[in-house]
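Asker: Compute the structure for the input listed below.
(2 chains)
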There are 2 protein chains.
Amino acid sequence: MSETTVDNGVNVGALLEAREALTDAAEAAQFQWRATCKWLNGTHSQSSCEGFYGLGDEQKHRTEFKFDTDHPEIFASEDNGATPVELILAGLAGCLTAGVASVAQMRDIQLRSVTATLEGGMNIQGILGIDGDVRNGFDGITVTYDIDADASDEDIEALVAQSQKRSAVYDIITNPTNVSVNVK
Amino acid sequence: MSETTVDNGVNVGALLEAREALTDAAEAAQFQWRATCKWLNGTHSQSSCEGFYGLGDEQKHRTEFKFDTDHPEIFASEDNGATPVELILAGLAGCLTAGVASVAQMRDIQLRSVTATLEGGMNIQGILGIDGDVRNGFDGITVTYDIDADASDEDIEALVAQSQKRSAVYDIITNPTNVSVNVK
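Answerer: Below is the predicted model of the structure:
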């Protein structure tokens, strides 16, 4: 093993150990992520995330994380939170960026700064029910990374590509996922 | 028009006017939602949403909304925020719940309380790169609504079904969306 002073704040040893430990432990690798959402008023609601299941047991975040969502004033709402679709962009950004830091650490690349800009287009004739041929969701998303690191442009490109390959949220957005909605 | 005292905090008149106004205004209906993400350390980053484009012009939220994402301590991270996949659940919850309130208002149904519980299963052998046949994202999501409203069980079921039909995030998760990731 070569000595390295690269430190992106990622514990690669622990990740490699987890990969080893979970290789033959399908049960422990099965996670369940959760959110509960409470309607407040109008289009404003608050979701919170605290408990989850994984490594064969109930787990808890250090604290409860809360997210207000609402619609903006130009939709005659009170703008008490980001729109739900902006949370999707933030989730994608956070997932890919965590991946960039982790892969950089694995590849001995020191990051100095990483910024991503995300844009998601949407024709709201879909959600307003004006045109059945217009989808409700994004018509596409672009993510643009600006990365300052001790690496060549090629290595930085490869870093971002590898992060995409292992990203949970990138997969969720680019591929279909079954969602079952029920009333208690 | 019948008199109604139903008030879920949703301005249905404005929504119907918007639908009318945007029916022949494809240009104004084209929106662009944005997020910028800054890497902080390790798997921790912060995304913010403030400006967006729509109705043919630049728009701004009343304030900037910020979202910290991180990985939990059991992944050897610092748990400084929810995981990115939990933001996806929160976005889905917020979108469907705003829809429930809006459709209820349209249908003269007074809501008293609406709570949603979301669960997303994930085999992390995918993101860890252990098994190429395991997807990175959720293997499925269930959303369970508990709704107290002045309506029959059937009407409540129909309300939730209509919200799904017009939900941007439900569409984003259940159908594929193109994501283009570039390095500046």
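Asker: Can you tell me the closest non-neighbouring residue to the residue most central in space within chain A?
Answerer: When chain A is reduced to its mean C-alpha position, the closest residue under CA atoms, centre = their mean turns out to be A:G91, at 3.0 Å. Using CB to CB, 6 or more residues apart in numbering or on different chains and skipping residues adjacent in sequence, the residue nearest A:G91 is B:L87, 3.5 Å away. Where you see a C-beta, it was placed from the backbone N, CA and C, and this is true even at glycine.
Asker: Next: A:T117.
Answerer: A:T144 (4.8 Å).
Asker: Packing partners of the strand or helix carrying that neighbour?
Answerer: Secondary structure assignment for A:T144, by DSSP states H and E: strand A:140-149. With contacts defined as 3 or more CB pairs under 8 Å, 6 or more residues apart in numbering or on different chains; DSSP states H and E, strand A:140-149 has these neighbours: helix A:84-106, strand A:111-123, helix A:153-165, strand B:179-183.
Asker: and those, which is most packed in?
Answerer: Burial among the helices and strands packed on strand A:140-149, expressed as mean neighbours by mean count of other CB atoms under 10 Å in any protein chain shown, is greatest for helix A:84-106, which shows a mean of 28.
Asker: Report the distance from that helix to the chain centre.
Answerer: Going by CA atoms, centre = their mean, to the nearest Å, the spacing between the C-alpha centre of helix A:84-106 and its chain's C-alpha centre is 5 Å.
Asker: Okay, now the unreliable bits of chain A?
Answerer: Residues of chain A that meet the criterion pLDDT under 70 lie in A:1-4.
Asker: Look up how far chain B lies from A:V160.
Answerer: The span separating A:V160 from chain B equals 5 Å under the rule CB to the nearest CB, to the nearest Å.
Asker: what's the spacing between that residue and A:S77?
Answerer: 35 Å (CB to CB, to the nearest Å).
Asker: what's the straight distance from one end of stretch A:66-78 to the other?
Answerer: Length of stretch A:66-78, first residue to last, CA to CA, to the nearest Å: 18 Å.
Asker: starting at the chain centroid, how far to it?
Answerer: 21 Å.
Asker: Give me the buried positions along it.
Answerer: Within stretch A:66-78, the residues that qualify as buried are A:F67, A:D68, A:T69, A:D70, A:H71, A:P72, A:I74, A:F75, A:A76, A:S77, A:E78, counting by 16 or more other CB atoms under 10 Å in any protein chain shown.
Asker: The last one: what's it in contact with?
Answerer: Each residue near A:E78 by CB atoms under 8 Å, 6 or more residues apart in numbering or on different chains is listed here: A:G42, A:T43, A:H44, A:D70.
Asker: Same check on the second one?
Answerer: With CB under 8 Å, 6+ apart as the criterion, the residues that contact A:D68 are A:H44, A:S45, A:Q46, A:N80, A:G81, A:A82, B:F65.
Asker: The fifth one now?
Answerer: Neighbouring residues of A:H71 by CB under 8 Å, 6+ apart: A:T43, A:S77, A:D79, A:T83, B:A98.
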